[in-house]
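Peer 1: attaching a predicted model along with its sequence, questions to come.
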Amino acid sequence: MSMIQKVAFFASPDFALPVLTALSQHFEVVLVVTQPDKPAGRGNTLTACAVAKRARALGLALEQPAKLRGNLEFAQILRDSGADVAITAAYGKILPKSLLGIPKYGFINTHASLLPLYRGAAPIQQALLEGQIQTGMTLMQTDVGMDTGDILLQETLEIHPDWTSLELFEALSQRAARMIVPALERIDTLPHIPQDHSQASHAPMLEREDGLIRWTDSSEAIYNRYRATFGWPGSYTFAAGKRLKVVKLHPRVDFSGTGNVGEILALTETGVLVATAHGAIELLELHPENKAKMTALEWFKNFQIRVGMVLG
């Protein structure tokens, strides 16, 4: 019989839902902790995150503290829950030392990289941005550092060359859900492997500007940036001074023609070819400012775009 019976779950986005499902099927989830409801949409209506919605649907005890540090009331709630362990999955807040020792087995984080690689807020996006062909999921004993705790369990995952952040999020969230129950069932025998901090790399939170297409990059690097920023902030460039969202593009590494970076080179049967530092990018679907989404060919025809125009 597992030493773990009662679990607290700290998480917020869709990424964490498969883990919550797995935990609720095998353990008693005594407390769910998420980010507070936030304004969303044109009306700035207070909206719950995905995990909060699921917790309410399942009838689980839910807390949404605005802060954790110095929050004695919340610390007592966690203590009173009787949780043997707390699991975190993209919760979105730093956990103070005062909370870490409350559950008997502390906090275990599901981190979407092969630590010590890509510590931080955006490991999935960073792996894609750097063109990695492999990443993985790490179960880590949380300490006071930023993803610096001992490794309990790791599994690798091959990255499909055409996956965007959305597909990789889904694959890694499913992997986390598959790993967490067996790990908790043998929690007393899991190894605690210290990380090699000299090998650490970091994955900072994306900024809106990270979606800007850099035509001075290679077509492969531009495609990797598109894949990494697909969910948010999305790829974009500028045409005739107006922002142009790029919904779909594809690299053309086979292209050997010449042109200035960002220059529209030609039309293809399916899109618009743009020069990069090495190779070309084929724009397939676009979203011009204050207009509906359209194919790149429709954009070229209807917006007086011409071959030789430079984007960026």
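Peer 2: Nice, I can see it.
Peer 1: for residue 3, give its distance to residue 19.
Peer 2: Residue 3 is 19 Å from residue 19, where distance means CB to CB, to the nearest Å. Where you see a C-beta, it was placed from the backbone N, CA and C, and this is true even at glycine.
Peer 1: repeat that for residue 54.
Peer 2: Remark: distance between residue 54 and residue 19 (CB to CB) = 11 Å.
Peer 1: who's more crowded, these two?
Peer 2: Neighbours were counted for residue 54 and for residue 19 using other CB atoms under 10 Å; residue 19 has more, 26 against 21.
Peer 1: list the helices and strands whichever helix or strand that one is part of packs on?
Peer 2: Using DSSP states H and E, residue 19 maps to helix 17-26. Other elements packing on helix 17-26 under the criterion 3 or more CB pairs under 8 Å, 6 or more residues apart in numbering; DSSP states H and E are strand 6-11, strand 28-33, helix 50-58, strand 85-89, helix 165-185.
Peer 1: is residue 278 in contact with residue 219, as I believe?
Peer 2: Yes - proximity of residue 278 to residue 219 meets the contact threshold set by CB atoms under 8 Å, at 6.4 Å.
Peer 1: more neighbours: which of the two?
Peer 2: Set residue 278 next to residue 219 and count neighbours by other CB under 10 Å: residue 219 wins out with 24 against 15.
Peer 1: ok, and what's touching stretch 207-224?
Peer 2: Identification of contacts with stretch 207-224 by CB atoms under 8 Å, 6 or more residues apart in numbering yields 128-131, 225-226, 228-229, 233-237, 246, 249-253, 255, 261-262, 274-281, 311-312.
Peer 1: the same query, at a cut-off of 6 Å, please.
Peer 2: For stretch 207-224, contacts defined as CB atoms under 6 Å, 6 or more residues apart in numbering pick out 128-129, 131, 229, 233-237, 251, 253, 261-262, 276-281, 312.
Peer 1: buried subset of these?
Peer 2: Those of those that meet the buried threshold are 128-129, 229, 235-237, 251, 261-262, 276, 279-281, by 16 or more other CB atoms under 10 Å.
Peer 1: in JSON lines, list these along with secondary structure.
Peer 2: JSON lines is the format used below for these (DSSP: H, G, I helix; E, B strand; the rest coil):
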{"residue": "128", "secondary structure": "helix"}
{"residue": "129", "secondary structure": "helix"}
{"residue": "229", "secondary structure": "coil"}
{"residue": "235", "secondary structure": "strand"}
{"residue": "236", "secondary structure": "strand"}
{"residue": "237", "secondary structure": "strand"}
{"residue": "251", "secondary structure": "strand"}
{"residue": "261", "secondary structure": "coil"}
{"residue": "262", "secondary structure": "coil"}
{"residue": "276", "secondary structure": "coil"}
{"residue": "279", "secondary structure": "coil"}
{"residue": "280", "secondary structure": "strand"}
{"residue": "281", "secondary structure": "strand"}
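Peer 1: out of the residues you listed, flag the one nearest to residue 116.
Peer 2: Using CB to CB, residue 129 comes nearest to residue 116 of these, at 17.8 Å.
Peer 1: quick one: residues contacting that closest one.
Peer 2: Residues near residue 129 by CB under 6 Å, 6+ apart: 224, 228.
Peer 1: now for the nearest residue to residue 46 once chain neighbours are set aside, how many residues are close by?
Peer 2: Excluding the flanking residues, the one nearest residue 46 by CB to CB, 6 or more residues apart in numbering is residue 37, at 4.4 Å. Residue 37 has 14 neighbouring residues, counting by other CB under 10 Å.
Peer 1: any idea of the pLDDT on residue 37?
Peer 2: Residue 37 carries a pLDDT score of 94 in this model.
Peer 1: wait, it sits on residue 49?
Peer 2: No - Residue 37 lies out of contact with residue 49 (CB atoms under 6 Å); the separation is 7.6 Å.
Peer 1: for the stretch 201-312 of the chain, just list every one of the strands.
Peer 2: 235-239, 242-252, 264-267, 272-275, 280-288, 294-295 (DSSP state E, counting those that start in this stretch).
Peer 1: okay if I get those strands as CSV plus mean pLDDT?
Peer 2: As requested, the strands of the stretch 201-312 of the chain are exported to CSV (pLDDT from 0 to 100):
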stretch, mean pLDDT
strand 235-239, 98
strand 242-252, 97
strand 264-267, 96
strand 272-275, 97
strand 280-288, 98
strand 294-295, 98
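Peer 1: how many neighbouring residues does residue 167 have?
Peer 2: If we define neighbours as other CB under 10 Å, then residue 167 has 16 of them.
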